[in-house]
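# Take this sequence and fold it.
(chains A, B and C)
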Amino acid sequence: MSETIFVAGTGVISAIGNNISECLDALKNSRTGIKHMQRLDSVHKNKFPVAEVNLDNESLESLTGLSSLKSRTALLSLVAAKEALYNAGIENFDNLRTGFVSANSVGGMDKSEFFFTEYFKNNQKGRLCNVVNHECGSITELVAYQLGIKDYVTTISTACSSSANAIFFGARLIKNNILDVVIAGGADSLTKFTLNGFNTLMILDEQFCQPFDENRRGLNLGEGAGYVVLVSEKVANTLNKSPFIKLSGYCNANDAYHQTASSPDGNGSFLAMSGALKKSGLKPEDINYINLHGTGTQNNDIAEGSAIKRLFSPIYPKMSSTKAFTGHTLGASGGIEAVFSILAIQEGIVYPNLRLQTQMKELPFLPEPNFLQNLNIKHVLSNSFGFGGNCSSLIFSKI
Amino acid sequence: MDNLLLELKKQIIAQLNLQDIKPEDISDDLPLFAEGLGLDSIDALELIVLLQQYYKIKLTNADDGPKVFRTVKTMAEYIENHQTDK
Amino acid sequence: MILDLNITSSCLIKKDSVYLNGKKLFSYLDTASTNFLLSAYRFFEMNYPKFYKMDNLCKLGWLASEILLKESFVKDKYVPEEIGVVLLNKNSSLNTDLKFYQTINEIPSPSLFVYTLPNIVIGEICIRNNFKGETAFFIFKKFNSEFIQQYVNNLFNNNILQACICGWVEFMDDDYKAVLLLIEKDKSSISKPFTIFNINKMYH
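Modelled structure (predicted):
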């Protein structure tokens, strides 16, 4: 039984870069990935900016070896999971029980949309191979097969907190001596389904989003994937490098307020953050940086902000929402932001909350508007809150 | 106007699945949200769909919602004003 | 320390019938599953107008949770943060995904979109009962009693939960089934040990 859960490697793909170093470069240089819609074929093309990964499915195929006929969700997932595994540098998996815990919320919807366009016109048309991987679990299995992972494969789907939950579920599998290594995180691709859906909720921003700004108007959708490789102490000791980050705290709580809206005072967010702190044995003042959920909607930012005020007042850590870079990547966001949180510790940096202009009048603090470096970041809190009231917080710490 | 009010009440009940409620339970001035009929934010979005579907009126600014959807009467007034515009 | 947990209540909804702790309380023969859910709601004299707005997965899960908790559960024994929900199914929210998809070409429905996630059923149960503990929704090819037992045990052993609703809620067209179990530490006159054997018995 391993009490400490170590992070051995990370991998990411998002609109700001196809790997860790590209993303890091964009984050350091305040380069957003939100743009005019290019890849998605939508009637809202000229209305809503989005954050699309800068590679088409054919390029993703040549990067991964997985057919471009498979869902983009699986292609993105495989890119980031492979990078995470490579970075972990585990040389011999022969005697290790290895798992893949991956989250997503759209599954193979991108391909299903192709299918139905033809099928609705003529029910003899449409290629069935486009729908066989529709369901969320199928994406995970496709990727697990490519990675050669067989011991334990599962999917978690709890909306926008999915991949944060996947990460701490992975940690529990190691803690309970069920596995030695877990690749945990999530992926989602941008689809018409989600774009239209969020549009019906009237929470999409027609301009570039401004999380935690008094004049915020909503969110921009994004796509991508992010994974961490979690290992037990036994495995960590065999690695050539010493992994110096651990997952020190995590908690999930339910807001119990509304199907999609957060409670005004952010009860669920408060419970998730304070639960993660309790688990880690840390005090609020120990946290150096918060990677906010910060979607840019009226409702999320006031709920999350109020919960932070209640927990941290009067001394606030640095904080920012990287969704101003990557858009809201839904089921992938917890994974991508976990990777960014770990990078913040490794590099000693804090990311800017882009386009921040006016402090929210209800909050006594402002997220960090500038890129900061040469800091000693020891503990980072990463928030992921989802529809269904599903709120999760993770804490990563320097060892 | 009376016809429109009754029509709207029936449409609201159907659109929002308010199966235990009858048109006569909704007075013209009953607040639709919170302490009145108790509708929530998703219901508000469905009301926007309703306006579009039955009256071809597109409410693009969500901030107008609270004013327009305060009561059945304010909704009816909004519909009348916007239909005579055309 | 490994705790001995107990199933203090169980609710099974399948093939047009509702069972509480093994006893059939209601049955209604109708080919359409939605009629069945509505008549069960009326039979148990439930008064929760939000029910009508839910999608079928939520209606099924919510109904099962109401029946599960109606006799023996003393909510006040616990604080809200200690009560959690862990659910599994096979087809996620596919039934509603397809319905939403059919509205996309005209005016997409916001209230359908809300239900295109499986964990909303957990949200509905939590909203109704003010449960604020850990919740999770897992997708499995088939009912997995080993997983439920292991996962819920872990939540109790690590002091994360003191009470938990767990089980299976699946709805796809007219094929539906819900099996919910209430897990607590204390025994009762009707409780059964929370073992894989007993979980399986309640599913079938």
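# In chain C, what residue spans correspond to helices?
With helices called from DSSP state H, chain C shows them at C:33-43, C:56-69, C:94-103, C:110-114, C:120-129, C:145-157, C:196-203.
# Tell me which residues touch A:Arg217, please.
By Cβ atoms under 8 Å, 6 or more residues apart in numbering or on different chains, the residues touching A:Arg217 are A:Asp205, A:Glu206, A:Gln207, A:Cys209, A:Gln210, A:Gly296. Placement of C-beta: from N, CA and C, glycine included.
# go again using 7 Å as the cut-off
By Cβ atoms under 7 Å, 6 or more residues apart in numbering or on different chains, the residues touching A:Arg217 are A:Asp205, A:Gln207.
# A:Phe114 now?
A:Phe114 makes contacts with A:Asn130, as judged by Cβ under 7 Å, 6+ apart.
# one more time with 8 Å, if that's ok
Going by Cβ under 8 Å, 6+ apart, A:Phe114 touches A:Arg127, A:Asn130.
# how about whichever strand or helix holds it: buried residues?
For A:Phe114, the host element (DSSP states H and E) is helix A:109-121. Within helix A:109-121, the residues scored as buried using 16 or more other Cβ atoms under 10 Å in any protein chain shown are A:Met109, A:Asp110, A:Lys111, A:Ser112, A:Glu113, A:Phe115, A:Phe116, A:Tyr119.
# Using CSV, write out every CA atom in the helix or strand following it.
Using DSSP H and E, the helix or strand that follows helix A:109-121 towards the C-terminus is helix A:136-147. Provided in CSV are the C-alpha atoms of helix A:136-147 (Å, rounded to 0.1, in the frame of the first residue of the first chain):
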residue,chain,number,x,y,z
CYS,A,136,-17.8,7.4,-23.9
GLY,A,137,-16.3,4.1,-22.7
SER,A,138,-15.5,3.0,-26.2
ILE,A,139,-13.1,6.0,-26.6
THR,A,140,-11.2,4.9,-23.5
GLU,A,141,-10.9,1.3,-24.8
LEU,A,142,-9.7,2.3,-28.2
VAL,A,143,-6.9,4.3,-26.6
ALA,A,144,-6.1,1.7,-23.9
TYR,A,145,-5.6,-0.9,-26.7
GLN,A,146,-3.2,1.4,-28.5
LEU,A,147,-1.3,1.9,-25.3
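# ok, and for stretch C:49-61, which residues are buried?
For stretch C:49-61, the neighbour count (16+ other Cβ under 10 Å) marks C:Phe51, C:Lys53, C:Met54, C:Asp55, C:Asn56, C:Leu57, C:Cys58, C:Lys59, C:Leu60, C:Gly61 as buried.
# Look up how far A:Phe387 lies from C:Ser93.
C:Ser93 is 11 Å from A:Phe387, where distance means Cβ to Cβ, to the nearest Å.
# hang on, the earlier thing: which two in the buried residues of helix A:109-121 are spaced the farthest apart?
A:Asp110 and A:Tyr119 (15.2 Å; Cβ to Cβ).
# if we can go back for a sec, find residues that contact each of C:Ser93 and A:Phe387.
With Cβ under 8 Å, 6+ apart as the test, C:Ser93 and A:Phe387 both reach C:Leu117, C:Ile120.
# And for stretch A:69-77, what's in contact with it?
Contacts of stretch A:69-77 with the rest of the structure, by Cβ under 8 Å, 6+ apart, involve A:13, A:53, A:57, A:60-61, A:64, A:66, A:68, A:102, A:104, A:106-111, A:129-130, A:133, A:139-140, A:142-143, A:186-189, A:223-225, A:332.
# Give me the buried subset of those residues.
A:13, A:53, A:57, A:60-61, A:64, A:66, A:102, A:104, A:106-111, A:130, A:133, A:139-140, A:142-143, A:186-189, A:223-225, A:332.
# What about chain C: which of those residues touch it?
A:Gly107, A:Met109 (Cβ under 8 Å from any Cβ of the partner chain).
# Compute the number of surrounding residues for the nearest residue to A:Asp205 once chain neighbours are set aside.
Using Cβ to Cβ, 6 or more residues apart in numbering or on different chains and skipping the chain neighbours, the partner closest in space to A:Asp205 is A:Gly218 (3.9 Å). Residues contacting A:Gly218 under the criterion other Cβ atoms under 10 Å in any protein chain shown number 24.
# Contacts only, for A:Gly218.
With contact taken as Cβ under 8 Å, 6+ apart, A:Gly218 is in contact with A:Met202, A:Ile203, A:Leu204, A:Asp205, A:Cys209, A:Gly296, A:Thr297, A:Gln298.
# One more pass at 7 Å, please.
Taking Cβ under 7 Å, 6+ apart, we find A:Gly218 in contact with A:Ile203, A:Leu204, A:Asp205, A:Cys209, A:Gly296, A:Thr297.
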